[in-house]
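Predicted model follows, preceded by the sequence.
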Amino acid sequence: MDTTTISAERAGRLVEARLDRLPQDMLEAAVVLEAWAGVPAGRALDAGRELMAVRTPEREKSAGALPEAPVREGFAAEAVSFVLAVVAIACWAAPLARELGAEVLRVGLLVALPLTLALQWGLRSRYLGRKDGLAHLGRHRLRLVLLPLLLTGGLTAGLGEGGTVAALLTLTWTAGTVLIARRWSALYAGGVIAATAAMLAGVPALPVLAVTAALATVAVAAAVRVPVGDILHAPGRARRALAAMAIGAGLGTLLVADPTVDWTVGAVPALALLPSTVASFWGGYHLWSFQQVIPRALSGVPVAGPDARNPAWPGLRVLFGAVGRLVAATVVLSGLLMLAGDVFGSRTSGVSVLAAFGLVALLTLIVSLLESVGRAGWALLSVATAVGGELLVGVAGGEPFPAAGLIGGAALALAVALPGAVSLLARPARTLATALWIA
Amino acid sequence: MPASAPQGLRERPAQRGGAHAPPRHATAGAPRARRPEDHRPALRPRIMRAVAPPRPRVLLTTEGTYPYAVGGVSSWCDLLVKNLHEFDWQVLPIVAPHGRPPLYELPAHARQVGRIEVWSETLPMGRRLRPSERRAGAELPAVLVRGLLGWNGDYDAVVGAFVWCRKHPAGVRRVFRSRRGWESFLWGLRRVLAERIPEAGSPPALDMVEAAQLYQTLYWVARTAVEPTPATDVLHVTAAGWSAVPALVHKALHGTPMILTEHGVFVREAYLAAVRSGGSPGSRFTATRLARGLARAAYAGADVVSPVTDANGVWERGLGIDPAKIHVLYNGLRQPAPPTPPPGNRVVVSVGRIDPLKDVHTMLRVAKETLRHVPDARFLHYGPVTEGQEAYGRACDALHEQLGLGDRFRFMGRTKDPDGVVRDADVVLMTSISEGLPMSILEAMGQGRPVVSTGVGGVPDVVRGCGVVVPPGDVHGLAMAVTTLLRQPALADQLGRRGHGRLGRIFNEAACVDGYRELLGAAARSGHTAVER
């Protein structure tokens, strides 16, 4: 083939044969002519220009490739293990209160819940929610061993026995988050159940708790020994993790700041968390599909010109679906819990406490949505509103019914957080571009 | 809505040398901290200056190559850095956030001056934007999309936008996460999509997902502009793409001379990748237009463009570079020992990554056809699968299986001894669809082995009279050439010896190093002259 001269017509045929379409522009034509037809570069550029002068392609419709949906393996196992752990830990309250006194346990829980939630949110933001997060965390194994010692020493020195209980509970619960992220949830649940059995069998509760916390810490140190290999993804930003910690601490404070919810009376208050916890797993699982639903809704919607579809609806439907699932599951499971309490003749928390925990679960769901798309400020404001509202109800209203403060605070916070979530999902293109894809 | 770049983004580049008065270092590899004698007044510093003239500093910007990856560009960087010890080298790589250590050890007169991680989570530090800056900054995405993706994009506006990013490091993310930033981007993108220029074709109707993907990419281009660059005397950019961005900002701020070396042609390779990708029209459009925009900016900013082959120069002229700027400097190899006779085992060797650009499918088909005529021939391919091209690697395995090549064509993986594997060959084969000046061909010539290659990039210039050049993708032509050389060892030997001689005359390492010594030295002197003026 003579490649030193080539007519526009021949160039057009060659390019179309290779591409199975008209070239996008003169450069694409030139590249094809040079790379696949051996036309020298200078001539290919000229031919490409001439070709485009005689054959301009029609404007093509385009739809971008959608990002791959993340695989969420082992979700059911994770949920079951978590629920088993919650039930088991709920059973610790009675032996601990009996052995150490209700006040010591109250102090312990007052510190442990906010601290644990802060650590859990921070760890998820910086490490556990990231692709190579465990490998990054594994780089701090020495700190993972030293920090528990410092935490236990510091809290014991500051708060006495209550501080010790707080530190041991914090270590056990936080370790659970890491172990579940490592897919060692069965090991964690097994350890917690064994500790519960020991406590119920009359073994002194505090030593059992200490051994459990120590073993959990060792398990964490082992869990983060993942093969480092090629770490392709960076950990989350420290500043973002700090904001997440503040949100977690706020939610923990919300749970313990209502004096009418007593966590030290046997397993009842902790078991009351069960319906909302299970419900939030279900609602949360549904909500996180918004990351796939939004691009799907925008696929094929042209940048220029109108489109018949309203791309906002699919995202909003996910949000409302998640809220609906959470509410429905909380109601049904709370009813079942109350029924079980009646059948077995044990006292359960009142309806208001169960409703309060449901509202807190809902608030956690919305706040975590806001935090995940980088709207941590809004999320923090909502949590601060919740705690403020709760304290205000306590001060002003004198708590007309159990958990009134919790309900008031959570409801107020939802009024702040929900519009933020709705506005995010109602503008899917902007949210995708400015929030989801720019961290 | 904005009609063009706002005042805030059109910050004028400094006059050459206006802000350029960098400190000097007396010896190679000397510590950067000031030593006690530096503070002594009067006579002594003058004497020191007279005895030890300042060493010029060269900022080498790379992307995805040196010192973190192996390959032709990295080898070339290493050659220059290690051999040009009269310069203080400052290496600034652009990499993905993989956290791996460098693969090349820098000599004493070179140091890495940072690492630009794209797609990472880290954020640049800086003060918050004032309201007026926020208003000006909101137009940043519009300026970038119009300047980089428009067919006749405004280079000054793009560089002005890059300079704005450098001056407001913490503002870039804020701008790109804002409603105004997104809206200005959409406005700019719609203007680009409405362009009607015959040679540019008709832009496709992008959808919102593609628009969001482009927005994210432009954010990272802006983030690349944010990263600080150290005081330097010469900017040496190793590709007309992302690695040009920090250099363009530095040049705009300090007037430092900028040299651009292109091994392949950035735009050409972006088009090839887009054609092969099978992506949507929108993704092809955005990838190629962005590459073209970055390359145009790099070409406009460079004082000298030094392609490694004349063929690249043709492309660069075609893309609008002033021919007076182009100064071809060939790659080279160390003068090899006299060639050994070919082994006569009918072994055909190819060296290169397993990558669509190397067209390994064609190589497999050439092997199949050659084996029909020369059944005892054996093909050995050395080279790893390119990172990210694992699917292509699997497709090659599948085709190998389908063609029933068995042991007669073997993928040997990476080699640490390219000269040795080429020495054991009777013929060296290359089937690439894009090349600059391929080292594997120079290595074949260095060992006195004949080359059969596709005529892409600088290959025809190199393999002149010492091998056979065939149009890319021409399986029959390539197979016939290989067959002929395997059947006629005397001819193969003659071509190989010619190649050996040609390599020594033209493509030798010393000539390459000397060429850059001269070019970089002249650039450093021109920079100094401008400062003194």
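Yes, it's here. Residues are numbered from 1 along each chain as shown, chains lettered A, B, ... in the order given.

and the gap between whichever residue of chain B sits closest to chain A and B:G171?
Closest approach between chain B and chain A, counting by Cβ to the nearest Cβ: B:P471, at 2.8 Å. For the C-beta atoms, the positions are set from N, CA and C on the backbone; glycine is no exception. Separation of B:P471 from B:G171 (Cβ to Cβ, to the nearest Å) stands at 51 Å.

now do B:E183
Taking Cβ to Cβ as the measure, B:E183 falls 17 Å from B:G171.

Could you list every helix and strand that whichever strand or helix holds A:V323 packs against?
Assigned by DSSP states H and E, A:V323 falls within helix A:312-344. Contact partners of helix A:312-344 among helices and strands, from 3 or more Cβ pairs under 8 Å, 6 or more residues apart in numbering or on different chains; DSSP states H and E: helix A:268-287, helix A:290-298, helix A:351-372, helix A:404-426, helix A:428-430.

residues making contact with the last one?
Same thing as helix A:428-430. When contacts are defined by Cβ atoms under 8 Å, 6 or more residues apart in numbering or on different chains, helix A:428-430 is touched by residues A:294, A:297-298, A:301, A:311-312, A:314-315, B:179, B:182, B:208, B:211-212.

Please convert those to JSON lines, extending it with pLDDT, neighbour count and distance to A:L200.
Converted to JSON lines, those look like this (pLDDT from 0 to 100; neighbours: other Cβ atoms under 10 Å in any protein chain shown; distance: Cβ to Cβ, whole Å):
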{"residue": "A:I294", "pLDDT": "92", "neighbour count": "27", "distance to A:L200": "48"}
{"residue": "A:A297", "pLDDT": "91", "neighbour count": "26", "distance to A:L200": "51"}
{"residue": "A:L298", "pLDDT": "92", "neighbour count": "27", "distance to A:L200": "54"}
{"residue": "A:V301", "pLDDT": "90", "neighbour count": "21", "distance to A:L200": "59"}
{"residue": "A:P311", "pLDDT": "77", "neighbour count": "21", "distance to A:L200": "55"}
{"residue": "A:A312", "pLDDT": "78", "neighbour count": "17", "distance to A:L200": "52"}
{"residue": "A:P314", "pLDDT": "88", "neighbour count": "19", "distance to A:L200": "49"}
{"residue": "A:G315", "pLDDT": "89", "neighbour count": "26", "distance to A:L200": "47"}
{"residue": "B:R179", "pLDDT": "92", "neighbour count": "11", "distance to A:L200": "57"}
{"residue": "B:W182", "pLDDT": "95", "neighbour count": "25", "distance to A:L200": "58"}
{"residue": "B:M208", "pLDDT": "94", "neighbour count": "26", "distance to A:L200": "58"}
{"residue": "B:A211", "pLDDT": "96", "neighbour count": "28", "distance to A:L200": "60"}
{"residue": "B:A212", "pLDDT": "96", "neighbour count": "27", "distance to A:L200": "55"}
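
now for those, which pair is the farthest apart?
A:P314 and B:R179 (21.1 Å; Cβ to Cβ).

follow-up on the earlier one: and the helix holding A:V323 with helix A:351-372, angle?
Note on geometry: by axes from the mean of the first three to the mean of the last three Cα atoms, to 10 degrees, helix A:312-344 and helix A:351-372 are set 150 degrees apart in direction.

Pull the number of nearby residues for residue 355.
Here I'm looking at chain A. Neighbour count of A:A355, defined by other Cβ atoms under 10 Å in any protein chain shown: 20.

oops, chain B please
By the other Cβ under 10 Å criterion, the neighbourhood of B:D355 contains 20 residues.

Kindly report the same for A:A340.
Number of residues near A:A340 (other Cβ under 10 Å) recorded here: 12.

tell me which residues in the helix holding A:V323 are buried?
Buried residues in helix A:312-344, counted by 16 or more other Cβ atoms under 10 Å in any protein chain shown: A:312, A:314-316, A:318-319, A:321-323, A:325-327, A:329-330, A:333-334, A:337-338, A:341.

ditto for stretch B:249-267
In stretch B:249-267, counting by 16+ other Cβ under 10 Å, buried: B:249-267.

Please name the nearest non-neighbouring residue to B:Y219.
Among residues not flanking B:Y219 along the chain, B:F176 sits closest, at 4.4 Å (Cβ to Cβ, 6 or more residues apart in numbering or on different chains).

now swap in B:V349 and tell me
Using Cβ to Cβ, 6+ apart and skipping the chain neighbours, the partner closest in space to B:V349 is B:A425 (3.6 Å).

Any stretches of the stretch 151-300 of chain A with poor pLDDT?
Where the stretch 151-300 of chain A drops to pLDDT under 70, the residues are A:228-232, A:264-270.

Return the nearest residue of it with respect to chain B.
Taking Cβ to the nearest Cβ, the stretch 151-300 of chain A has A:L298 as its residue nearest chain B, at 3.9 Å.

That residue contacts A:L432, correct?
Yes - counting by Cβ atoms under 8 Å, A:L298 does reach A:L432; the two are 6.4 Å apart.

what touches both of those two?
Listed as contacting both A:L298 and A:L432 by Cβ under 8 Å, 6+ apart are B:208-209, B:212.

Which residues of the stretch 301-439 of chain A lie near chain B?
For the stretch 301-439 of chain A, the residues in contact with chain B (Cβ under 8 Å from any Cβ of the partner chain) are A:301-305, A:311, A:374, A:428-430, A:432-435, A:437-439.

related to what we said a few turns ago, name all residues that make contact with the closest residue to the residue of the stretch 151-300 of chain A closest to chain B other than its chain neighbours.
Distances taken as Cβ to Cβ, 6+ apart place B:M208 nearest to A:L298, at 3.9 Å, with adjacent residues excluded. Applying Cβ under 8 Å, 6+ apart to B:M208 gives the contacts A:64, A:298-299, A:301-303, A:311, A:428-429, A:432.

ChimeraX command for the buried members of those?
Applying 16+ other Cβ under 10 Å to the contacts of B:M208 leaves a buried subset, and the ChimeraX line that selects it is:
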select /A:64,298,299,301,302,303,311,428,429,432
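
Just the closest of the contacts of B:M208 to B:L193, please.
Nearest to B:L193 out of the contacts of B:M208 is A:V303 (Cβ to Cβ; 6.7 Å).

Quick check: the closest one touching B:G188?
No - in this structure, A:V303 is not within contact of B:G188 by Cβ under 8 Å, at 10.8 Å.

Quick check: B:I259 is in a helix.
No - looking at B:I259 with DSSP: H, G, I helix; E, B strand; the rest coil, it is strand, so not inside a helix.

thought it was touching B:V234?
Yes - using Cβ under 8 Å, B:I259 is in contact with B:V234, at 6.5 Å.

Residue of the stretch 301-439 of chain A nearest chain B, please.
When scored by Cβ to the nearest Cβ, the stretch 301-439 of chain A has A:A433 as its residue closest to chain B, at 3.9 Å.

Look at that residue and say how many residues are nearby.
Residues within reach of A:A433, counting by other Cβ under 10 Å, total 28.

Mind checking which of the shared contacts of A:L298 and A:L432 are in helices?
B:208-209, B:212 (DSSP state H).

Using TSV, lay out the residues you listed together with distance to B:R292.
Shown next, in TSV, are these (distance: Cβ to Cβ, whole Å):
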residue	distance to B:R292
B:M208	23
B:V209	22
B:A212	21
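
tell me which of those residues is nearest to B:V459?
Distance to B:V459, by Cβ to Cβ, is smallest for B:V209 among these, at 39.2 Å.

Can you give the distance of stretch B:63-70 from its chain's centre?
Stretch B:63-70 sits 10 Å away from the centroid of its parent chain (Cα atoms, centre = their mean, to the nearest Å).
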